[in-house]
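Q: generate a structure from the sequence data that follows.
(one chain, ligands or ions: 1)
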Amino acid sequence: MMKIDEAGTVLTSGGRNTRRPVSTVNTLNGERTYAASVDIKAIRARFAFPGSSRIVTNNAASTQPPRDLLELYRSLAPGYENVHRGQSSASQEMTALFESSYDTIAQFLCAPSRASIALYRNTTEAINAVMYSLLSEFRDGDNVVTTMLEHNSNYVPWYGMCREILPRLGRRVEYRLVRFDPLTGELDLGHMASLIDARTKLVCCTGASNFVGTRSPLTAIRALADSSGYLQPSGERRSHLLVDAAQLVPGSFVDVQALDADYLAFSFHKMLAPFGVGVLYGKEHLLQAARPFLYGGDMIAEGRVFPERVEYNCLPWKYSAGTPNILGRSSPRRRCVS
Ligand SMILES: Cc1ncc(COP(=O)(O)O)c(C=O)c1O
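A: The predicted structure follows:
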């Protein structure tokens, strides 16, 4: 028998303490995964909640803020300022820090550049941004394929678009739902293949399910979307793929270029970062061509506001209207990926 003590030390039945990797067996596919031993005391020390005797079981909804984050907020307080609209050195410093977060996020996702990152309040808003940006592109008779494994965030926007918004504009667009096996939690790829056709503009799929925990086979799903033959306005002949990565990014290394995702969304608050920031990765040519979701200040190129014609800022500012969660967006720190 094997036990792990509070410090992450593996205790074997012979009483000998070893620091070897802990392994678990996945009951669904029998695969054994090894985790490095963890120093639980050191991890606990980074959070405030253990001190209040709270037992936190809701990490999948939102993680607890580490002390490092609270300290970062405290250190930013003396220079508290809005961004892009102040002459003070505090405003300029805050703007520089805030701006650098786009590069950090792009690097974190292995995205080609900051121009493929747009920031919103959460995953839900990021997915809605894609929906509203593409709204005018959907043609009568098109369809969207999504799945029964989705969080409401990746289902309700498509339901609303197909059932409530587009019918009022005289367009019929169908949403189609892929089923999953309730015993294994795996998506039924055969069913997905039967639902994707030459009128499927978009396939929307979770990267990891929030209720059964299974991961979607994104490479196979990408291949199905590729083979549809749907004619996009750019001339590409394939369905776009949107990945709801709210539960995928916090627990795995995600390379958006390797996945070849067209859009991918996740929330900071599920990965030790603040509430109120959601990331949308989108291929640059798609973000460039699409209509913005939110219109207003900060997205307009300086000195280019005329009564008859408005010129938008270059990416990613085209997608950033109004005062954002400045401290929240300034929180990412660079990490090195080898
Ligand atoms: C898979 C998945 N998608 C989307 C969301 C919505 O995230 P948010 O509330 O940050 O928009 C969640 C939240 O639990 C989720 O688990």
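Q: domain parsing for this protein?
A: Domain assignment of the chain by automatic domain parsing yields the ranges 3-45, 79-329.
Q: what's the most buried one of these?
A: Across the domains of the chain, averaging neighbours per residue (mean count of other C-beta atoms under 10 Å) puts domain 79-329 on top, at a mean of 18. Where C-beta positions appear, they are placed from N, C-alpha and C, glycine not excepted.
Q: so for it, mean pLDDT?
A: Regarding domain 79-329, the rounded mean pLDDT is 92.
Q: hmm, that domain in reach of the ligand?
A: Yes: judged by C-beta under 6 Å from any ligand atom, domain 79-329 comes into contact with the ligand at N122, T123, T124, H151, S153, T206, N210, D244, A246, Q247, S267, G278.
Q: take the domains of the chain and write them to TSV, including distance to R54.
A: Below are those laid out as TSV (distance: least, C-beta to C-beta, whole Å):
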stretch	distance to R54
domain 3-45	12
domain 79-329	17
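Q: figure out which of the ones you listed is closest to R67.
A: Of all the domains of the chain, it is domain 3-45 that lies closest to R67, at 7.9 Å by C-beta to C-beta.
Q: still on that earlier bit, can you list the residues of domain 79-329 next to the ligand in a markdown table and add distance to A225?
A: Listed next are the residues of domain 79-329 next to the ligand as a markdown table, based on distance: C-beta to C-beta, whole Å:
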| residue | distance to A225 |
| --- | --- |
| N122 | 25 |
| T123 | 20 |
| T124 | 22 |
| H151 | 20 |
| S153 | 20 |
| T206 | 15 |
| N210 | 22 |
| D244 | 15 |
| A246 | 20 |
| Q247 | 20 |
| S267 | 24 |
| G278 | 23 |
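Q: filter these down to the ones in strands?
A: Of the positions in those, T206, D244, S267, G278 sit in strands, assigned by DSSP state E.
Q: all strands of the stretch 1-150 of the chain, in order?
A: With strands called from DSSP state E, counting those that start in this stretch, the stretch 1-150 of the chain shows them at 3-4, 10-11, 17-18, 22-25, 32-35, 117-120, 143-147.
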